[in-house]
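Visitor: model the structure of this input:
(one chain, ligands or ions: 1)
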Amino acid sequence: MSRTGALIRSIDKLPAELRDSASAAERAFAGGLDAAGRLPFAVTPHFASLARPEADDPIRRQFFPDPREALSETGPFALPDPLGEGRYRVSPRLVHQYPDRVLLLAGGACAGYCRYCFRRVRMSGGTSFITEGELEPVLSYLAARPEIRELLVSGEDPLTAPDRTLEGLFAKLRRAAGTLALRVCTRVPITEPPRLGPATAAMMSAWKPLRVSVHINHPRELDAEARRALGFLSAAGIPVLVQTVLLKGINDSAETLAALFRDCLDLGLKPYYLFQLDLAPGTAHFRVPLGRGLALYRELEERWTTAGGKTAELPPYAVDLPGGGGKIRLSEQSIAGTENRPGGPVCLLKGPDGSLWPYPAESA
Ligand code: SF4
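Guide: A predicted model of the protein is given here:
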């Protein structure tokens, strides 16, 4: 089932309240996205229904094109490939950065576009679901490397593909590497929950060991429909991990994050990572400064434990070191120092091997 047909692709097709909330600048910017080769505007009716018309609404901001995107597209810290996946690409669709884990860029679409997306440059050009020809070298690579224990099925959102397509992919991966654990990375349970029913959960369950990693940023995303979709996964015995991106003006308060993680735990989902924003072009206005992020995380821990929670229930605050340095957990100790660079001050983050990676100290 392709979700593409269901997407709202213009401000005029939004529900009336949202449509009328668009400023002249937002309309002009959204209208020129395709012609300028920028990340298109697309949102599912479901996700749009969660938004309120105020410009600072945390759901609206995630999908509504913002003219500020143009300002930091060519900024000093903008990286077209913020995670440096290109450095570790072993075939057009396979990224091998960590010894026992690989990333498969399988999906050809997303159920709507998140304005802060780290793959926004790649997606602006459009891609298709992985073809037989693209899968062949992936299967050969896996078959020759038994040390690879887990494969992440990601990029863009694999659940925009039909069940039979996904099942065919899982079957081929397992034939190539019999013990491979699968992790399906998706935002569909939040943006298009009707896509995930009991039949899809049962199909995925048949391919265990399989986990699902869901991207959730705000407690309001967990409405009744999303809860139902996620419940089908839990009922099928599929572990669900939650990844959250720390976003300025959307979830950058200890209260909001605590409410989100509490809801996730109550639903049997595991808060897995709270990510510092990657340095994709055009997203700087979403960036929470590192110092503020660290203070916020401390506040979150204090609030959580005061309320009787355990710090182990909270996801680690982490960042993918810009340009391909890998994932590190963020704390005051992970910052080796600060420096003034031509584009502004940077924090020097310590990589796992002691190397230093600059990350802007301030937001836009
Ligand atoms: S669902 Fe993920 S890959 Fe797709 S636009 Fe959002 S952040 Fe990007």
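Visitor: tell me who's in contact with residue 89.
Guide: residue 95 (CB atoms under 8 Å, 6 or more residues apart in numbering). From N, CA and C alone the C-beta is placed, and that goes for glycine too.
Visitor: pLDDT below threshold where in the protein?
Guide: Applying pLDDT under 70 to the chain flags the ranges 1-5, 124-126.
Visitor: the longest helix in it is where?
Guide: For the chain, the longest helix by residue count, based on DSSP state H, is helix 290-306.
Visitor: pull out the buried positions in that helix.
Guide: 290, 293, 294, 296, 297, 300, 301, 304 (16 or more other CB atoms under 10 Å).
Visitor: next: stretch 278-294.
Guide: 278-290, 293-294.
Visitor: same thing with stretch 307-317?
Guide: So, applying 16+ other CB under 10 Å, buried residues of stretch 307-317: 309, 314, 315, 317.
Visitor: what's the spacing between the second one and residue 244?
Guide: From residue 314 across to residue 244, the span is 11 Å (CB to CB, to the nearest Å).
Visitor: shared neighbours of the two, which are they?
Guide: 271, 274.
Visitor: residue 202 reaches residue 235, doesn't it?
Guide: No - the pair formed by residue 202 and residue 235 falls short of the contact definition of CB atoms under 8 Å, at 9.4 Å.
Visitor: run through the strands of the stretch 201-350 of the chain in chain order.
Guide: 210-215, 240-245, 270-275, 317-321, 326-329, 335-341, 344-350 (DSSP state E, counting those that start in this stretch).
Visitor: now distance to residue 69 too, for these, in a markdown table please.
Guide: A markdown table is the format used below for the strands of the stretch 201-350 of the chain (distance: least, CB to CB, whole Å):
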| stretch | distance to residue 69 |
| --- | --- |
| strand 210-215 | 20 |
| strand 240-245 | 16 |
| strand 270-275 | 19 |
| strand 317-321 | 21 |
| strand 326-329 | 26 |
| strand 335-341 | 23 |
| strand 344-350 | 19 |
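Visitor: report the contact partners of the nearest residue to residue 231 once chain neighbours are set aside.
Guide: Nearest residue to residue 231 in three dimensions, chain neighbours excluded: residue 267, at 7.4 Å (CB to CB, 6 or more residues apart in numbering). When contacts are counted by CB under 8 Å, 6+ apart, residue 267 touches 222, 227, 230, 231, 234.
Visitor: likewise for residue 280?
Guide: Counting by CB under 8 Å, 6+ apart, residue 280 has contacts 78, 79, 80, 82, 116, 117, 118, 119, 120, 121.
Visitor: switch the cut-off to 6 Å
Guide: 82, 118, 120 (CB atoms under 6 Å, 6 or more residues apart in numbering).
Visitor: the residues you listed in helices, which ones?
Guide: The helices, defined by DSSP H, take in residue 120 from those.
Visitor: a markdown table for the contacts of residue 280, including neighbour count?
Guide: Shown next, in a markdown table, are the contacts of residue 280 (neighbours: other CB atoms under 10 Å):
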| residue | neighbour count |
| --- | --- |
| 82 | 23 |
| 118 | 21 |
| 120 | 23 |
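Visitor: which of the contacts of residue 280 come close to the ligand?
Guide: Among the contacts of residue 280, no residue is within reach of the ligand (CB under 6 Å from any ligand atom).
Visitor: return the member of the contacts of residue 280 nearest to residue 160.
Guide: Nearest to residue 160, judged by CB to CB, of the contacts of residue 280 is residue 120 at 16.5 Å.
Visitor: ok, which stretches of the stretch 101-250 of the chain are helices?
Guide: 120-124, 132-143, 163-176, 188-191, 198-205, 224-235 (DSSP state H, counting those that start in this stretch).
Visitor: for this structure, what lies in contact range of the ligand?
Guide: Residues of the chain lying near the ligand (CB under 6 Å from any ligand atom): 110, 113, 114, 117, 119, 156, 157, 187, 215.
Visitor: the fourth one and residue 281, how far apart?
Guide: What that stands for is residue 117. 11 Å.
Visitor: what does the third one give?
Guide: Applying CB to CB, one obtains 14 Å for the distance of residue 114 from residue 281.
Visitor: picking up where we left off before, just the ones of the buried residues of stretch 278-294 in helices?
Guide: Reading helices off the buried residues of stretch 278-294 with DSSP H, I get 290, 293, 294.
Visitor: check contacts around the residue most central in space within the chain.
Guide: Residue closest to the average C-alpha location in the chain (CA atoms, centre = their mean): residue 215, at 5.4 Å. Neighbouring residues of residue 215 by CB under 6 Å, 6+ apart: 187, 243.
Visitor: repeat for residue 134
Guide: 92, 93.
Visitor: count of residues packed around the residue nearest to residue 42 when sequence neighbours are not counted?
Guide: Spatial nearest neighbour of residue 42, chain neighbours left out: residue 7 (4.5 Å); criterion: CB to CB, 6+ apart. Per other CB atoms under 10 Å, the neighbour tally for residue 7 reads 24.
Visitor: and what of the one 3 residues further on?
Guide: Using other CB under 10 Å, residue 10 has 12 other residues around it.
Visitor: cheers, nothing more for now.
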